[in-house]
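S.K.: how does the following fold in three dimensions:
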Amino acid sequence: MPKVKHREMQTLTADQLAAFFREAKASGVFEFYYIELATGLRRGELLGLKCEDIDLEQGVIQVRRQVARVAKEVVEAPLKTKNSYRSVTIGAEAAGILKGQKEQVDGVYVFPSPTGGPISPDSVLHMLHRVLKRAGLPKVRFHDLRHPNVKIKTKDIYHCLLHMGTVNLLERTISYSIGLRLIYQAEPDMMFHICGKDS
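M.R.: Numbers count the residues shown, from 1 in each chain. Okay, here's the model as predicted:
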């Protein structure tokens, strides 16, 4: 079988992120991309976020759905896996931004379209590319934005995968083979628990 060539993940440096946020503010999309970088949600998950999913007192977001394009229609859809249904803790600054966003939209979705419905996943991708271009930054995928959110120590990899909604490791043997080894090195008992073994 020919070797599949995967595109290498691209991340922005601290200086590049500062430039990105300046341009995002000028473009009126700062809140959206700040919450993306603060939470590491997938694009569809962030677009599917509703005001009712946010508990500002506890500082927690409930990830319950995603927005996707199906047959040219923008619709709510189930999440990627059962482990994608999760709670994500947010910091005080992100909570403040979400509080202001909820008060501003006064509707169902935290980041609604002009009509009040969900935004198309394609539109935020195009906006990302425009912001990057205007800021003079290299092009990165939307998916790559979520990875700096989980730069962690080896011992925390299990909780990192929980946070990202990708802890269903055994369904992705190749992708997460390194992750499985790291978990075993850091927490052998936890590894057995994930695999459903007693010894």
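S.K.: quick check: closest non-adjacent residue to Ala19.
M.R.: Ala135 (4.7 Å; C-beta to C-beta, 6 or more residues apart in numbering). Just so you know, the C-beta spots here come from the backbone N, C-alpha and C atoms, and that holds for glycine as well.
S.K.: burial measure for that neighbour, as a count.
M.R.: 20 (other C-beta atoms under 10 Å).
S.K.: so it sits against Leu17, correct?
M.R.: No - taking contacts as C-beta atoms under 8 Å, Ala135 lies outside contact range of Leu17: 9.9 Å.
S.K.: all helices for this protein, in order.
M.R.: For the chain, applying DSSP state H gives helices covering 14-26, 30-39, 43-47, 92-105, 121-134, 157-164, 177-186, 188-195.
S.K.: can you name the residues in contact with the fourth one?
M.R.: Contacts of helix 92-105 with the rest of the structure, by C-beta atoms under 8 Å, 6 or more residues apart in numbering, involve 31, 34-35, 38-39, 51, 54, 56, 59, 61, 90, 110-112.
S.K.: in CSV: those, plus pLDDT, distance to Ile119 and neighbour count.
M.R.: Listed next are the contacts of helix 92-105 as CSV, based on pLDDT from 0 to 100; distance: C-beta to C-beta, whole Å; neighbours: other C-beta atoms under 10 Å:
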residue, pLDDT, distance to Ile119, neighbour count
Glu31, 93, 13, 18
Tyr34, 90, 16, 17
Ile35, 90, 13, 21
Ala38, 85, 18, 18
Thr39, 86, 17, 23
Cys51, 95, 15, 16
Ile54, 95, 17, 20
Leu56, 94, 22, 13
Gly59, 92, 24, 15
Ile61, 94, 17, 26
Ile90, 88, 20, 20
Val110, 96, 10, 23
Phe111, 95, 6, 20
Pro112, 94, 7, 18
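S.K.: of the residues you listed, closest to Glu73?
M.R.: For the contacts of helix 92-105, the minimum distance to Glu73 (C-beta to C-beta) is 16.4 Å, reached by Pro112.
S.K.: so where's the protein uncertain?
M.R.: Residues of the chain meeting the criterion pLDDT under 70: 1-9, 146-199.
S.K.: list the contacts for the residue nearest to Ile90 when sequence neighbours are not counted?
M.R.: Sequence neighbours aside, Gly59 is the residue nearest to Ile90 in space, at 5.3 Å (criterion: C-beta to C-beta, 6+ apart). Taking C-beta under 8 Å, 6+ apart as the criterion, Gly59 is in contact with 89-92, 95.
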